[in-house]
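Visitor: no sequence on this one, just coordinates:
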């Protein structure tokens, strides 16, 4: 059973703290989500995708809340670079 939104957010705060997300990163993820309802955003020190299409180094990632296992996540080095990728993907019919 999925966690209630408040619990999911608390878990994300704990994960960000324990994994040492840089200052402002969690807020940037929240802003991405606010600007793109139905999408989840995160930050990763070592992003990974099955197809290998990730920027080098740490990156912001996003996936549709409706994404199914195996659907690609989006990655970009900055929130500003990720936002148009989310907008473009949201217009497509996966």
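Guide: Looks like it arrived, so ask away. Everything numeric in this text was worked out from a predicted model, so none of it was measured.
Visitor: ok, residues contacting stretch 23-40?
Guide: 12-13, 16, 41-43, 60, 62-66, 79, 82-83, 86-87, 90 (CB atoms under 8 Å, 6 or more residues apart in numbering). Quick note: C-beta positions are derived from backbone N, CA and C, even for glycine.
Visitor: what sits against residue 76?
Guide: 55, 59-60, 82, 85.
Visitor: For the residue lying closest to it once chain neighbours are set aside, identify the helix or strand it belongs to.
Guide: Leaving aside its chain neighbours, residue 76 sits nearest to residue 82 (3.9 Å; criterion: CB to CB, 6 or more residues apart in numbering). Assigned by DSSP states H and E, residue 82 belongs to helix 79-91.
Visitor: Packing partners of that helix?
Guide: For helix 79-91, the packing partners by 3 or more CB pairs under 8 Å, 6 or more residues apart in numbering; DSSP states H and E come out as helix 25-35, strand 39-44, strand 59-64, strand 74-76.
Visitor: I'd like to know how many residues surround residue 65.
Guide: 9 (other CB atoms under 10 Å).
Visitor: Ok, residue 89 next?
Guide: 19.
Visitor: tell me the contacts of it?
Guide: By CB under 8 Å, 6+ apart, the neighbours of residue 89 are 64, 74.
Visitor: Quick check, central residue of the protein?
Guide: Computing the C-alpha centroid of the chain and ranking residues by CA atoms, centre = their mean puts residue 41 first, at 2.2 Å.
Visitor: Let me know the pLDDT of that one.
Guide: pLDDT recorded at residue 41 is 94.
Visitor: thinking again about what came up before, residue 7: which of the helices and strands packed on helix 79-91 is closest?
Guide: With CB to CB, the closest approach to residue 7 among the helices and strands packed on helix 79-91 belongs to strand 39-44: 14.6 Å.
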